[in-house]
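Student: turn this into a model:
(one chain, ligands or ions: 1)
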Amino acid sequence: MTHFLILHKKLNQSPKYPNKKSSSHVILIIMKNYLIIGASSGIGNSLCNILSDQGNQVTGTYNTTDATDTDHISYHHLDVTADELDLSFVPDSLDGMVYCPGSINLKPFHRIKPEQFVEDLNLQVVGAIKIIQAVLPKLKKGDHPSILLFSTVAVQMGFNFHTQVSVSKGAIEGLTKALAAELAPNIRVNCIAPSLTDTPLAEKLLSTDDKKKANAERHPLNKIGTPEDISEMAAFLLSDKAKWMSGQIIHIDGGMSSIKM
Ligand SMILES: NC(=O)c1ccc[n+]([C@@H]2O[C@H](COP(=O)([O-])OP(=O)(O)OC[C@H]3O[C@@H](n4cnc5c(N)ncnc54)[C@H](OP(=O)(O)O)[C@@H]3O)[C@@H](O)[C@H]2O)c1
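Tutor: Residues are numbered from 1 along each chain as shown. The predicted structure is shown next:
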């Protein structure tokens, strides 16, 4: 028989093992505290559900999409572009933090104003920097803590009309590697670079069956991503199973960045 001992480190519980004479197996599961910025939608929401189903405690944020608390998830309002960020809801100790806010503004380069590049950078990069700086002391108290960021396939590959998003996500990839060096060996930093994934962010690009089909066919694996295609890897990277991985950009993109058909 297998016994699951689910412990939360905040409660300072110590395991009580079954009678040594019995032939039981004991699986020890230590619950963790995660912070997900942008947990109300898409990949962040899917990740939130995976982590909470594992019994972890998740502190999530929403901006415009209201979300309902559960036993394992508490949601708090946050706009990362605001001048002052009130992060008083973040627990004292964190085992992982994830930054999900992003945008996909596709336009010809000559039609994008410099201010629009700055706006994009504020949402995708400066927001992440502000949050990481604010919660670093809490991550330092965590158990094998890690940080997870999101890039895009459009950094590894050049695509028409993608300069705005590529500039921001290129900065995120640089941040991932430099920060991974600076925070090693105590805090791991990794990044996932997805291709087109079916979330509210990509709604305009996937609004008809024809668009869905055409976009799927651009990928060697002939499909667009689901939030779970990405969030399963995110959950792995946050877990102790990935304890020897840091400074990595993981490409989950239906083969787009590495296979030529
Ligand atoms: N979906 C794709 O095709 C794709 C492709 C490549 C890369 N990515 C990257 O993957 C990451 C997750 O994308 P997704 O598709 O899951 O996006 P999504 O469905 O739009 O979810 C983004 C999350 O961030 C929150 N958010 C947005 N603006 C915010 C702000 N100003 N302040 C605070 N929170 C804010 C949203 O909150 P509300 O909903 O409450 O407003 C939502 O919870 C992004 O970094 C994106 O760039 C996505």
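Student: give me the number of residues near A214?
Tutor: Using other CB atoms under 10 Å, A214 has 12 other residues around it. (C-beta placed from N, C-alpha, C; glycine too.)
Student: can you give the domain ranges for the chain?
Tutor: Listed by automatic domain parsing, the domain ranges of the chain are 1-30, 32-252.
Student: phi, psi of the residue of the stretch 51-200 of the chain found nearest the ligand?
Tutor: Residue of the stretch 51-200 of the chain nearest the ligand, by CB to the nearest ligand atom: G102 (2.1 Å). As for G102, its main-chain torsions (degrees, to the nearest 10) stand at phi -160, psi 180.
Student: now do the contacts for T65.
Tutor: Going by CB atoms under 8 Å, 6 or more residues apart in numbering, T65 touches S40, S41, P200.
Student: which one of the residues you listed is nearest L94?
Tutor: Taking CB to CB as the measure, L94 lies nearest S40 of those, at 19.0 Å.
Student: hang on, the closest one packs against V58?
Tutor: No. With contact defined as CB atoms under 8 Å, S40 does not count as touching V58 (11.8 Å).
Student: and the two? which has more neighbours close in?
Tutor: It is V58, of S40 and V58, that has more neighbours when counted by other CB under 10 Å, with 25 against 21.
Student: so the more buried one, which of the three states?
Tutor: Assigned with DSSP: H, G, I helix; E, B strand; the rest coil, V58 falls in the strand class.
Student: how close does the nearest residue to A181 once chain neighbours are set aside get to the ligand?
Tutor: The shortest distance from A181 to any non-neighbouring residue, by CB to CB, 6 or more residues apart in numbering, is to G247 (6.7 Å). Computed with CB to the nearest ligand atom, to the nearest Å, the distance linking G247 and the ligand is 18 Å.
Student: quick check: the gap between G247 and L183.
Tutor: Separation of G247 from L183 (CB to CB, to the nearest Å) stands at 10 Å.
Student: follow-up on the earlier one: of the contacts of T65, list those near the ligand.
Tutor: Counting by CB under 6 Å from any ligand atom, S40, S41, P200 from those sit close to the ligand.
Student: just the ones of these in helices?
Tutor: Among these, none falls in helices (DSSP state H).
Student: need the longest helix for the chain.
Tutor: helix 163-183.
Student: what residues does the stretch 51-200 of the chain have near the ligand?
Tutor: Proximity of the stretch 51-200 of the chain to the ligand, by CB under 6 Å from any ligand atom, involves residues 61-65, 78-81, 100-102, 123, 150, 152, 194, 196-197, 199-200.
Student: please list only the buried members of those.
Tutor: Among these, those buried by neighbour count (16 or more other CB atoms under 10 Å) are 61-63, 78, 80, 100-102, 123, 150, 152, 194, 196-197, 199.
Student: need the max-distance pair from the residues you listed.
Tutor: The distance between the two most remote of those (CB to CB) is 26.2 Å, for L78 and L196.
Student: the bottom helix or strand of the chain by mean pLDDT?
Tutor: Every helix and strand in the chain was compared by mean pLDDT, DSSP states H and E; the lowest is strand 2-8, with a mean of 48.
Student: just the strands in the protein please.
Tutor: 2-8, 25-31, 33-37, 57-62, 73-77, 96-99, 146-150, 188-194, 249-252 (DSSP state E).
Student: off-centre distance for the third one?
Tutor: For strand 33-37, the separation from the chain centroid amounts to 9 Å (computed by CA atoms, centre = their mean, to the nearest Å).
Student: who touches that strand?
Tutor: Contacts to strand 33-37, defined as CB under 8 Å, 6+ apart, come from residues 10, 44, 47-48, 51, 56-61, 78, 80, 90-91, 93-101, 127-128, 131, 135, 142, 238.
Student: in its sheet, what does that strand sit against?
Tutor: Applying DSSP bridges to the sheet, strand 33-37 is found paired with strand 57-62 (parallel), strand 96-99 (parallel).
Student: now stretch 124-135: average pLDDT?
Tutor: In this model, stretch 124-135 has an average pLDDT of 98.
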